[in-house]
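Colleague: model this:
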Amino acid sequence: MIPYWLKLTHTLIAFFMTACIAYVFYCGVTGVQNILLWMSIAALTVEITVFAMNGRRCPMTTYAEQFSVPDADGFVGDTLLPRWWSLNMVKVTAAPLFIGLTLILLRLLTPL
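Modeller: This next block holds a predicted model:
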C-alpha cells in the first residue's frame, strides 16, 4: 500500500504544476509579464526536464511502485487525484502550456 504522505506530496506537486501551467496560459492570453510568470516557467522547465530524463515518467511514480504493484494497465494510484486525471494530466495540460508559451514568445518578439 502506498503511504498517504507520498500520495499527498505527489498530489500537491501536481496541483502546483497545474497552477503554473494555468498561470502561463493566463499570462499568454492577457499579456501579463512579471516575476511570477518567469518563476512558473522555471518550475515547469525543471519538471519537464526531470520528466523527460526519466523516460517520460514521473520519478515519484517509480518510487511509489516500491510500495505497490501496478494494475493490469500499468496504473499506480500514487496521487489522491481521480484515475482519469492521473492518466491524462500530461495530455490535458500540454495544449494550454504550449498555447501560453507561444503567445508569450510572440509578445516578446513583436515590437511595440
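Colleague: residues in contact with the residue most central in space within the chain?
Modeller: The centre of the chain sits closest to residue 17, judged by CA atoms, centre = their mean, with a distance of 4.2 Å. For residue 17, the contacting residues are 43-44, 47, 93, by CB atoms under 8 Å, 6 or more residues apart in numbering. C-betas here are computed from N, CA, C, even on glycine.
Colleague: tally of neighbours for residue 75?
Modeller: Residues near residue 75, counting by other CB atoms under 10 Å, number 12.
Colleague: Now for the chain, the helix or strand with the poorest mean pLDDT.
Modeller: Of the helices and strands making up the chain, the lowest-confidence element is helix 59-64, at a mean of 87, by mean pLDDT, DSSP states H and E.
Colleague: List the buried residues for the helix or strand just after that helix?
Modeller: Later in the chain than helix 59-64, the nearest helix or strand by DSSP states H and E is helix 83-109. Residues of helix 83-109 classed as buried: 86, 89, 93, 96-97, 100-101, 103-104 (neighbour count, 16 or more other CB atoms under 10 Å).
Colleague: same deal with stretch 73-81?
Modeller: 76-79, 81.
Colleague: Quick one: distance of that stretch to the chain centre.
Modeller: From the chain centre to the centre of stretch 73-81 is a distance of 15 Å (CA atoms, centre = their mean, to the nearest Å).
Colleague: List the contacts of that stretch.
Modeller: Contacts to stretch 73-81, defined as CB under 8 Å, 6+ apart, come from residues 2, 6-8, 10-11, 14, 60-61, 64-65, 68, 70, 83, 86-87, 89.
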